[in-house]
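>>> What would the 3D arrangement of this be:
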Amino acid sequence: MVPKKCFLTKGVGVHKDKLASFELALREARIEKYNLVSVSSILPPNCKLITREEGINELPAGEIVHCVLARNETNEPQRLVSAAVGTAVPVNEGKYGYISEHHTFGEDEFIAGEYAEDLAATMLATTLGIEFDADSAWHEREQVYKASGHIINTTHCCQVAYGDKDGKWTTVVAAMVFIE
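Sure thing, here's the model as predicted:
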């Protein structure tokens, strides 16, 4: 079973109970009605990225759904939490790409999202034999990766939130959801 389609989604939930907070984050991401199975970091060959709305319309409630899921939570007031997934697609879409997940504290949406995107692109670049300076900034490496003619697209999906001011659990999720 190799997925032919995928979509990105994200959400945040706040509740006094940790599990309920996670459920609310999944609801906001609109993936609460599926039996989610976390998988690792490979974007299948020829897997088309579609909109969340299109993807949800293709999945019936209760379906076992594979996804790359980034999740983070806190019950510390005002603590910044983030969850992000990044993707890197090769020019030859008949080859596989990469998806990364990143979950951290104290990083805003821009930093966490770009980190996840960078991680996916770097994993793909190393498998394609693209030479680059690992110590250079992401934007410099991004130009090298794209100029190589091997990586066509990179993107990310990131959710951030500050911990609830009253100490309720705050959960953030970001996911790449697969459709078979």
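
>>> Please count neighbours and contacts with C-alpha atoms only from this point.
Noted.

>>> any chance you could map the helices in the protein?
Along the chain, counting by DSSP state H, helices occupy 18-29, 52-58, 109-128, 138-147.

>>> Of these, which is nearest residue 167?
Residue 167 lies closest to helix 18-29 among the helices of the chain, at 11.1 Å (Cα to Cα).

>>> as a whole number, average confidence for that closest one?
Mean per-residue pLDDT for helix 18-29: 98.

>>> With stretch 108-118 instead?
Stretch 108-118 comes out at a mean pLDDT of 95.

>>> quick revisit: dump the helices of the chain to JSON lines, plus mean neighbour count.
Listed next are the helices of the chain as JSON lines, based on neighbours: other Cα atoms under 10 Å:
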{"stretch": "helix 18-29", "mean neighbour count": "20"}
{"stretch": "helix 52-58", "mean neighbour count": "13"}
{"stretch": "helix 109-128", "mean neighbour count": "21"}
{"stretch": "helix 138-147", "mean neighbour count": "16"}
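
>>> Give me the neighbour count for the nearest residue to residue 91 once chain neighbours are set aside.
Setting aside the residues directly before and after it, residue 91 is nearest to residue 152 in space (Cα to Cα, 6 or more residues apart in numbering), at 4.7 Å. Residues near residue 152, counting by other Cα atoms under 10 Å, number 15.

>>> so how far is the helix or strand of the chain with the lowest mean pLDDT off the chain centroid?
Lowest mean confidence among the helices and strands of the chain (mean pLDDT, DSSP states H and E): helix 138-147, at a mean of 78. In this view, helix 138-147 has its centroid 20 Å away from the chain centroid, taken as Cα atoms, centre = their mean, to the nearest Å.

>>> ok so, going back, residue 99 is nearest to which of the helices of the chain?
So among those, helix 109-128 is nearest, using Cα to Cα, at 5.3 Å.

>>> Distance check, residue 144 against residue 113.
Going from residue 144 to residue 113 by Cα to Cα, to the nearest Å gives 19 Å.

>>> before we move on, back to that, so which of the helices of the chain comes closest to residue 44?
Proximity to residue 44 (Cα to Cα) singles out helix 109-128 among the helices of the chain, at 12.5 Å.

>>> And stretch 62-70, what's buried?
65-70 (16 or more other Cα atoms under 10 Å).

>>> These: which two are farthest apart?
Between any two of those, the greatest separation by Cα to Cα is 15.0 Å, found for 65 and 70.

>>> What residues are bridge-paired with the residue positioned nearest the centre of the chain?
Centroid-nearest residue in the chain, with Cα atoms, centre = their mean: residue 85, separated by 1.9 Å. Beta bridges link residue 85 to residue 101, residue 157 when assigned by DSSP bridges.

>>> Enumerate every residue touching it.
If you count contacts by Cα atoms under 8 Å, 6 or more residues apart in numbering, residue 85 has them with 68-70, 99-102, 113, 116-117, 156-158, 174-176.
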